[in-house]
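Peer 1: Fold the stuff below for me.
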Amino acid sequence: MTKQDPSLEFSYAGELPESAEIGLLIQSATDIAVYIDQAGIVSGIFVSPESPSLGCLDHWVGRPFSNFLNIESKAKFAERVAEIRSGAADLTGPIELNHCDNAAWEFPVRYSSMLIKNSNAILMLGRDLQPIAEVQQRLVNEQLARERDLQKIRGAETFYRVVLEASATPLVVVEPETGRIRDINSAAATLLGAKLDTLPGSTFNQAFQGLRRGELMEALQNVSASEDRRSIQAVARRNGVQVEVFPEYFRAAGELCMLCHLAQVGQDDTGGTEIAGLLTALFTSSPDAIVLVDAKGIIRDANESFLVLADAAQLRDVKGKHFAKYLVRGEVDAQLLLEGALREGRIRSYSTQFKSSVGTRASVELSISLLGVGADAGFGMIIRDVSQTARPVDDLPQAVVSEHALQNVMDLVGTASLKELVTATSDVIERICITTALQMTKNNRVAAAEMLGLSRQSLYVKLRKYDMLNSDAQE
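Peer 2: Numbers count the residues shown, from 1 in each chain. A predicted model of the protein is given here:
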């Protein structure tokens, strides 16, 4: 076939077979046609103007067709040529080849091939698959984007579930239009006396006594519209607990929802949480050392100031150890503190010596309070380092023991029995111990009596015996 009139809007290069039927087929049914001679050289090529993405391929003429195929397509084309020339062309279907041109440009084409009689040449009639490939790629990209969005949604839902369930505040999410419970956490289910999995999907009014759905939702709407933070009160149907409901509206993706905070009547729904947070902050940032011990004196928790005082790097260095390990007088001080706090509930001020993990000592004032009762009993201690403000040892009142009393004891040797000597000596020692205890407790006779293991009455008897009642005391 010779070149056609340019007015037909088809571009030709080289020569195509002289057949009107093939020419009409090419013009009406193909995007690209390639005429390959027996040696595999492109003798002619046709590109439809309706496939501008293929570009101008005139430079293919006179060059091997395989030069314009990628590696995978070269093997496929060679196999197809062998099938056609073996006479099995009727048994083969279309073949998809990926062309590469100008180094970086690739495009797929689906070819139907036929053997030209008497010439052993091959005519390849192709359809451009680039539009289909682009659509497929867009579909793949959309699918990947959809999967990423689903992952984000699942992640956000997991985050929401974890936060909702971890919240100590009873929370219920309600649909304003239907009045149904969309979601609820364990704290709210427990307050309402129900199982967590039985409430979602049911109407909110069913959780309370004597409330209709419309009545409850109208009341919640009126309360939420108020400028002041107000609530409604209702009685839980399952356990009879009187509950306050604090409603708040919010909008998610255009949908209106209601978040209800629940609180038992008589209990502040937010005060407890707020105070707990403040106490935690105080425990963490207090300049005074704070330590929590169990009923046996084993350390359960301590703040940073205690770790500094104890020369400990981290909490695990002190946790699980007995508090007596950090007192110079050890078990004596610890037993006195724990027994006194267990009996009285608290000890306001107790002076002692603190010993760190590396053996350094510091003068401290310690207060202790009983926390909990029974199996949950424990103690909280606040320890203040007073080393910088403590008076020098020389300034402390010394135990006053009369030299005359000591000389009298010594004079008795040889003239009295050992029992009489011990009795006289014990009075001197007892006076020294009482005087030392009063000095350590800053003349606090209650604390001195606890330290000596005496009752207050017994201590007063001994003070009267040694003429010490006139000394200043802090009751």
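Peer 1: quick one: the helices in the stretch 101-250 of the chain?
Peer 2: Under the criterion DSSP state H, counting those that start in this stretch, the stretch 101-250 of the chain contains helices at 130-166, 186-191, 213-224.
Peer 1: Point out the one among these that comes closest to Thr203.
Peer 2: Thr203 sits nearest to helix 213-224 of all those, at 5.3 Å, using Cβ to Cβ. Every C-beta, even on glycine, is put in place using the N, C-alpha and C of the backbone.
Peer 1: Name the residues that touch that closest one?
Peer 2: The contact list for helix 213-224 (Cβ atoms under 8 Å, 6 or more residues apart in numbering) reads 174, 176, 179, 203-205, 208, 230-232, 234, 245-249, 258, 260.
Peer 1: Could you export it as CSV, CA atoms only?
Peer 2: Provided in CSV are the C-alpha atoms of helix 213-224 (Å, rounded to 0.1, in the frame of the first residue of the first chain):
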residue,chain,number,x,y,z
ARG,A,213,-36.6,9.4,76.9
GLY,A,214,-38.1,12.7,75.8
GLU,A,215,-38.2,14.1,79.3
LEU,A,216,-34.6,13.2,80.0
MET,A,217,-33.2,14.5,76.7
GLU,A,218,-35.2,17.8,77.0
ALA,A,219,-33.8,18.3,80.5
LEU,A,220,-30.3,17.6,79.4
GLN,A,221,-30.7,20.0,76.5
ASN,A,222,-31.9,22.8,78.8
VAL,A,223,-29.1,22.3,81.2
SER,A,224,-26.4,22.3,78.5
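Peer 1: can you give me the offset of that helix from its chain's centre?
Peer 2: Centre-to-centre, helix 213-224 and its host chain are 35 Å apart (Cα atoms, centre = their mean, to the nearest Å).
Peer 1: Tell me which other helices or strands the helix or strand encompassing Arg343 touches.
Peer 2: Assigned by DSSP states H and E, Arg343 belongs to helix 331-344. With contacts taken as 3 or more Cβ pairs under 8 Å, 6 or more residues apart in numbering; DSSP states H and E, helix 331-344 sits against strand 346-355, strand 361-371, strand 378-385, helix 445-452.
Peer 1: one more time with 7 Å
Peer 2: strand 346-355, strand 361-371, helix 445-452 (3 or more Cβ pairs under 7 Å, 6 or more residues apart in numbering; DSSP states H and E).
Peer 1: Among the ones you listed, show the one with the smallest mean pLDDT.
Peer 2: Comparing mean pLDDT across the helices and strands packed on helix 331-344, the weakest is helix 445-452, with a mean of 77.
Peer 1: Export the very next helix or strand once past that one to CSV, keeping only CA atoms.
Peer 2: Moving toward the C-terminus from helix 445-452, the next helix or strand (DSSP H and E) is helix 456-465. What follows is helix 456-465, C-alpha atoms only, in CSV (Å, rounded to 0.1, in the frame of the first residue of the first chain):
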residue,chain,number,x,y,z
ARG,A,456,3.3,10.2,130.8
GLN,A,457,2.5,9.5,134.4
SER,A,458,5.6,7.5,134.9
LEU,A,459,7.8,10.2,133.4
TYR,A,460,6.3,12.9,135.6
VAL,A,461,6.9,10.7,138.7
LYS,A,462,10.6,10.4,137.7
LEU,A,463,10.9,14.1,136.9
ARG,A,464,9.5,14.9,140.4
LYS,A,465,11.9,12.4,141.9
